[in-house]
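Participant: predicted model, plus sequence, below.
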Amino acid sequence: MQYTTDMNEGIHAETVTMLGANGDRINAFLARPLGDGPFPAMVLAHHMPGWDLLYREFTYKFAHHGYVTISPNLYFRAGHGTPEDVAAKMRAEGGVSDDSVVGDLEGAAKYLKALTYANGKIGIFGTCSGGRHAYLAACRTSEFNAAIDCWGGRVVMTPDQLNEKTPVSPLALTKDLSCPLLGIFGNDDTAPSPEQVDQHEAELKKHNKTYEFHRYDGAGHGFFYYTRPAYRQAQAMDGWEKVFAFCEKYLS
Amino acid sequence: MCTMIVEKVKIDGSGKGASGWFSLEQANISYDHPFNAPMEHTLNIDFVNASQGPSARVAVELSESAARELVRTILAVLDQAEAGGHL
């Protein structure tokens, strides 16, 4: 939806409680455009640095573009504190398990599907570990109509990287990908490296999946993050355009 | 945080966090994306006490060279202390 200055815009945003993996009650941040809708919807999988201000801003951003958007706190079970403190705890614990994340993201999708003002079409977006998690959720569930993986590391995993929390390389699940995929990557990134993105793309082709990959020169990991030195203005602006064009194509 | 390189070690001592001093029981050392330092990856040390929740944390994010120099300096100080008969 193209915003014009003659529009009356309103967004309602608040922390909500939803059911996640194993039926656990977890908190989530929900932002929705005001009005009757029906609106398309988005689930945001936050990055490894946590359920932080950046992801609240992303939640507002998608709502501004017309999407009912929910960002579940994937670290809820780690306890509470500042997002950085909680994320540091998860870092020390080797991250959150794939089963927990997929259960929470699936729960978020079900939460959105129950809303009377949503149109039933749901996309999933994530950056960094959230990109990997978005891809996992799109492979392991059939809840989503579009998936967006922004520089998700460890989509391609070697056997020595597999462990109890991450027992399967997401690449191996590609045959089960249940919706179109948008991939946004920086060519200077090392996780995922351009070679790993090549591997991912080859697997998608092998299984005749619908996908778009956009790879940016002069950008590395996290180039949407305006608070970090990794930010690359031109590449980020183009990337966001690709994100919203993809959402409009598959969720309207 | 995509390297997932992390080691944990049990420690004794005290740390001063946002709410004041607390007893330390563990240090978590990682090489991964920092929250604040303007680098893609840093050597991160979190001095924590898990029993007091995630906020019981003293954090540093160091460049590789700073981390290596810190290790050398800590060992040099301990060597001096030992040579002086303080250990």
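Facilitator: Everything's here; your move.

Participant: quick one: low-confidence ranges for chain B?
Facilitator: Along chain B, the parts satisfying pLDDT under 70 run over B:1.

Participant: revised request: answer the last question for chain A.
Facilitator: For chain A (pLDDT under 70), the answer is A:1.

Participant: let's see that with 50 instead.
Facilitator: Chain A contains no residues with pLDDT under 50.

Participant: skipping its backbone neighbours, what lies nearest residue 87 in space?
Facilitator: Assuming you mean chain A. With CB to CB, 6 or more residues apart in numbering or on different chains as the criterion, A:Ala87 has its nearest non-adjacent residue at 3.3 Å, and that residue is A:Gly50. Where C-beta positions appear, they are placed from N, C-alpha and C, glycine not excepted.

Participant: sorry, should have said chain B
Facilitator: Nearest one to B:Leu87, counting by CB to CB, 6+ apart, is B:Ala81 at 5.3 Å.

Participant: cool, A:Tyr55 as well?
Facilitator: That would be A:His46: by CB to CB, 6+ apart, it lies 4.3 Å from A:Tyr55.

Participant: tell me the contacts of that neighbour?
Facilitator: A:Asp52, A:Tyr55, A:Ser71, A:Asn73, A:Leu74, A:Gly126, A:Gly130 (CB atoms under 8 Å, 6 or more residues apart in numbering or on different chains).

Participant: with A:Cys179 instead?
Facilitator: So A:Cys179 contacts A:Ala138, A:Phe144, A:Asn145, A:Ala146, A:Ala147, A:Tyr250 (CB under 8 Å, 6+ apart).

Participant: out of those residues, which are inside strands?
Facilitator: A:Ala146, A:Ala147 (DSSP state E).

Participant: what about chain B: which of the contacts of A:Cys179 touch it?
Facilitator: When contact is defined as CB under 8 Å from any CB of the partner chain, the contacts of A:Cys179 do not meet chain B at all.

Participant: what is the helix or strand encompassing A:Lys89 packed up against?
Facilitator: Assigned by DSSP states H and E, A:Lys89 belongs to helix A:83-92. When contacts are defined as 3 or more CB pairs under 8 Å, 6 or more residues apart in numbering or on different chains; DSSP states H and E, helix A:83-92 sits against strand B:5-17, strand B:20-32, strand B:42-48, strand B:57-62.

Participant: and if we set it to 10 Å?
Facilitator: Helices and strands touching helix A:83-92, by 3 or more CB pairs under 10 Å, 6 or more residues apart in numbering or on different chains; DSSP states H and E, are helix A:53-64, strand B:5-17, strand B:20-32, strand B:42-48, strand B:57-62.

Participant: what about the residue nearest to B:Asn28 when sequence neighbours are not counted, how many neighbours?
Facilitator: Spatially, and ignoring its direct neighbours in sequence, B:Asn28 is nearest to A:Ala92 (3.7 Å; CB to CB, 6+ apart). Residues within reach of A:Ala92, counting by other CB atoms under 10 Å in any protein chain shown, total 23.

Participant: go ahead and confirm A:Ala92 touches B:Gln26.
Facilitator: Yes - here A:Ala92 reaches B:Gln26: they are 8.1 Å apart, a contact under CB atoms under 10 Å.
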